[in-house]
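Visitor: give the three-dimensional model of this entry:
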Amino acid sequence: MVSSDQRRRQLAREKFERQQERRAAARKRRQRIGAIAAAVVLVLVGGAVVAATVVDGKDDKDKQTVAGDQSNPSQNASPPADEPKGPEPKMAIDAKAKYTMAMTTDQGTVSIGMDAAKTPRTVNSFKALADKGYFNKTKCHRLTTEGIFVLQCGDPKGDGTGGPGYNIPDENLTALGKAGTDGSVSYPAGTVAMANTGQPNSGGSQFFLVYKETRLPPTYTPFGTMDAASLKAVQKVAAGGVEGNAKDGAPKTAVTVAKATVTKG
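Guide: Residues are numbered from 1 along each chain as shown. Okay, the predicted model is just below:
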């Protein structure tokens with residue numbers, strides 16, 4: 001027969017074991033949340049980069065960040081009424097040609113060279129959007145200044161949740177070489193790449209401008225390169241820092257795209 005003292009000890013032990021189990025479960029939850037948070041920071045974005053992680057497109061329901069975005073970079077709200085809706089634009093470019101996207105901003109013109117032979121569907125989408133004035137009067141809404149060094153643009157809403165109502169596939173992902181032991185590759189300064197939601201083939205209209213070498217997973221389509229003057233202009237914006245002296249957020253030096261065009265050659 002179990003004495004009252006033994007019973008008390010048994011109950012105390014069982015209570016202790018339950019507490020330990022709850023604590024272990026709590027630790028696992030914290031570790032999982034920490035892993036998710038780290039992934040969001042890495043994605044940029046747009047969360048974005050980018051990123052990033054990242055985020056962009058109608059399927060970006062977790063709010064993307066670069067590269068993300070972070071802020072990732074990851075959109076519950078529907079696209080604005082003036083955004084195109086439906087399938088990806090039909091191919092209407094010369095898939096063997098080179099194109100230039102020129103963005104006239106209040107910080108100077110940002111010129112991006114694009115090679116359609118390497119990223120035909122990305123270039124085609126950008127031309128289709130630019131031709132409709134999609135990028136006009138939009139802001140580059142996100143600047144990251146620690147770990148990831150990008151300026152993220154292409155969101156008509158200006159808060160990291162906007163997209164064109166369709167997604168385009170990843171392209172050219174092997175262009176930056178084989179990933180290192182940490183799973184990342186170098187996105188050199190001057191690189192322009194697509195933000196995404198962290199999922200494959202989830203690019204939309206958001207993209208990031210790399211102003212300083214940044215290491216990211218090779219999951220962000222590198223589709224363009226800024227010229228020297230454009231890189232210098234973005235670096236000047238980055239030097240101004242982030243609002244509130246944060247490391248990730250709206251740039252203190254506002255960048256508004258007055259007009260964007262994509263031309264052949």
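Visitor: ends of stretch 104-120, how far apart?
Guide: Taking C-alpha to C-alpha, to the nearest Å, stretch 104-120 runs 23 Å from one end to the other.
Visitor: going by neighbour count, which residues of that stretch are buried?
Guide: Residues 105, 107-108, 110-116, 118-120 are the ones in stretch 104-120 that count as buried (16 or more other C-beta atoms under 10 Å). (C-beta placed from N, C-alpha, C; glycine too.)
Visitor: which pair of those spans the longest distance?
Guide: Distance extremes for the buried residues of stretch 104-120: the farthest pair is 107 and 120 at 29.8 Å, using C-beta to C-beta.
Visitor: count the neighbours of the nearest residue to residue 243 once chain neighbours are set aside for me.
Guide: Sequence neighbours aside, residue 250 is the residue nearest to residue 243 in space, at 4.8 Å (criterion: C-beta to C-beta, 6 or more residues apart in numbering). Residue 250: 20 surrounding residues under other C-beta atoms under 10 Å.
Visitor: mind checking pLDDT for residue 250?
Guide: At residue 250, the pLDDT value in this model is 98.
Visitor: okay, buried residues for stretch 181-195 please.
Guide: Under the neighbour-count criterion of 16+ other C-beta under 10 Å, stretch 181-195 has 184-185, 187, 189-195 buried.
Visitor: between the residues you listed, which is nearest residue 139?
Guide: Ranked by distance to residue 139 (C-beta to C-beta), these are led by residue 195 at 14.5 Å.
Visitor: between its first and last residues, how far does stretch 249-256 reach?
Guide: One end of stretch 249-256 to the other measures 15 Å (C-alpha to C-alpha).
Visitor: quick one: contacts of that stretch?
Guide: Stretch 249-256 has contacts (C-beta atoms under 8 Å, 6 or more residues apart in numbering) with 71, 105-107, 137-143, 151, 153, 236-238, 240-243.
Visitor: 7 Å instead?
Guide: 71, 105-107, 137, 139-143, 151, 237, 240-243 (C-beta atoms under 7 Å, 6 or more residues apart in numbering).
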